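# Quick one, what's the 3D model for this:
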Amino acid sequence: MSPEQSQFESASLKDIYREMQHLSQRDWQLWSICALMIVVIATGLAAFVLPGVVWTNIFSRADHQLLPQLFYGLITLIVLFNIYILDQKRRLDRTRMDLLREVLETSKARETALMDPLTGVFNRRYMDEVFPNEIHKAVRSGTELSFLMLDIDGFKDINTRFGHSGGDQYLRDVATRLKKTFRGSDTVLRIGGDEFLVILPETSKKQAQRASERLTWETRWWNQAGHAEYEISLSCGVATYDQGMDIKQLLDAVDSDMYRSKMARGCETPAQDSTGSPAPSDDKA
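From the prediction side, this is the model:
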């Protein structure tokens, strides 16, 4: 998201917040009017029910023959007041609904701008926003922050064999594997045509490598299950944030590690147990 877009969104939200405050003030005004009218109505009823007491103490010279006219006037006032209150209430409710709709539309527009419509994961725009925040949190809390970059092996061949629709489904399947493998606190992004990035907060490089191993085996099990005509093949790279690194240095580090992995034709295979089954770590990064 560009700075201009961010400033526009912030200004829009501030305007909505001011409108909500104005509505709250109108609510208080309406309730004040209601309280005042209740006092007036109660006084009028008391004057009608106990005319001797009220009129003697307040208006000692009032003509009691005016009581019926005053009573009918009070009824008219009550009716008009209820009409006014109902009208004001409808206006306030309508304004609130308009503001709520505007907030939802703004939120939806922001989400649409930051999400990759094909895979349902965050896009590169969101990366520019989340990177500084994650680095700031890691520095402030003194925790480690790791990154995992993934590139699809032979994606051009997938498009050639299965067409663009097959390639799109391949990308969706990869994104689904990523969301299933990593934690809810991790952030999955699609940063290029066939490249994905996973941000792993509170994760050391060793833990990130274990997460990469877990993804490798998750992908292999998916391939063995024969869910599609193709098999998913990924190259993975890992890097950990060091004090003073900027975003470009981080991306260069994780991209270099991923490139070395691709040159080695795939992710590093974890150790196997005596039965030959995979033995991924129990620690979920």
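# Run through the stretch 101-250 of the chain and note the low-pLDDT ranges.
Across the stretch 101-250 of the chain, the ranges flagged by pLDDT under 70 are 102-112.
# which helices and strands sit right next to the helix or strand containing residue 250?
Taking DSSP states H and E as the definition, residue 250 sits inside helix 247-263. Contact analysis of helix 247-263 by 3 or more Cβ pairs under 8 Å, 6 or more residues apart in numbering; DSSP states H and E lists helix 124-141, strand 145-152, strand 234-240 as its packing neighbours. Quick note: C-beta positions are derived from backbone N, CA and C, even for glycine.
# which of those sits most buried?
Comparing the helices and strands packed on helix 247-263 on average neighbours per residue, with mean count of other Cβ atoms under 10 Å, the densest one is strand 145-152 at a mean of 25.
# Okay, angle between that one and strand 234-240 too, please.
Between the direction of strand 145-152 and that of strand 234-240, the angle (axes from the mean of the first three to the mean of the last three Cα atoms, to 10 degrees) works out to 160 degrees.
# who does strand 145-152 pair up with?
Neighbouring strands of strand 145-152 in its sheet, by DSSP bridges, are strand 195-201 (antiparallel), strand 234-240 (antiparallel).
# ok and that strand relative to helix 124-141, angle-wise?
Orientation of strand 145-152 against helix 124-141 (the same axes, to 10 degrees) gives an angle of 150 degrees.
# sorry, back to before: so what touches the helix holding residue 250?
Under the criterion Cβ atoms under 8 Å, 6 or more residues apart in numbering, residues 128, 131-132, 147-151, 153, 197, 235-239, 241, 245, 267-268 lie in contact with helix 247-263.
# Just grab the bridge partners of the closest residue to residue 127 other than its chain neighbours for me.
Once its chain neighbours are removed from consideration, residue 127 has its nearest residue in residue 189; the separation is 5.2 Å (Cβ to Cβ, 6 or more residues apart in numbering). According to DSSP bridges, residue 122, residue 197 are recorded as the beta-bridge partners of residue 189.
# so what's residue 189 up against?
Applying Cβ under 8 Å, 6+ apart, one finds that residue 189 lies in contact with 116, 121, 122, 123, 124, 126, 127, 196, 197, 198, 199.
# doesn't residue 176 make contact with the second one?
No. Counting by Cβ atoms under 8 Å, residue 176 is not a contact partner of residue 121; they are 9.5 Å apart.
# Between these two, which has more neighbouring residues?
Taking residue 121 and residue 176 together and counting by other Cβ atoms under 10 Å, residue 121 has the greater number of neighbours (23 against 15).
# With just CA atoms, put stretch 244-256 into CSV.
Below are the C-alpha coordinates for stretch 244-256, written out as CSV (Å, rounded to 0.1, in the frame of the first residue of the first chain):
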residue,chain,number,x,y,z
GLY,A,244,20.6,-3.6,11.8
MET,A,245,19.4,-5.5,8.7
ASP,A,246,17.0,-3.8,6.4
ILE,A,247,14.2,-5.3,4.3
LYS,A,248,16.4,-5.6,1.2
GLN,A,249,19.2,-7.4,3.1
LEU,A,250,16.7,-9.8,4.6
LEU,A,251,15.2,-10.6,1.3
ASP,A,252,18.6,-11.0,-0.3
ALA,A,253,19.7,-13.4,2.4
VAL,A,254,16.6,-15.6,2.3
ASP,A,255,16.6,-15.5,-1.6
SER,A,256,20.3,-16.6,-1.7
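# Show me which residues of it are buried.
245, 250, 251, 253, 254, 255 (16 or more other Cβ atoms under 10 Å).
# nearest to residue 209, of those residues?
Using Cβ to Cβ, residue 254 is the member of the buried residues of stretch 244-256 that lies nearest residue 209, at 12.2 Å.
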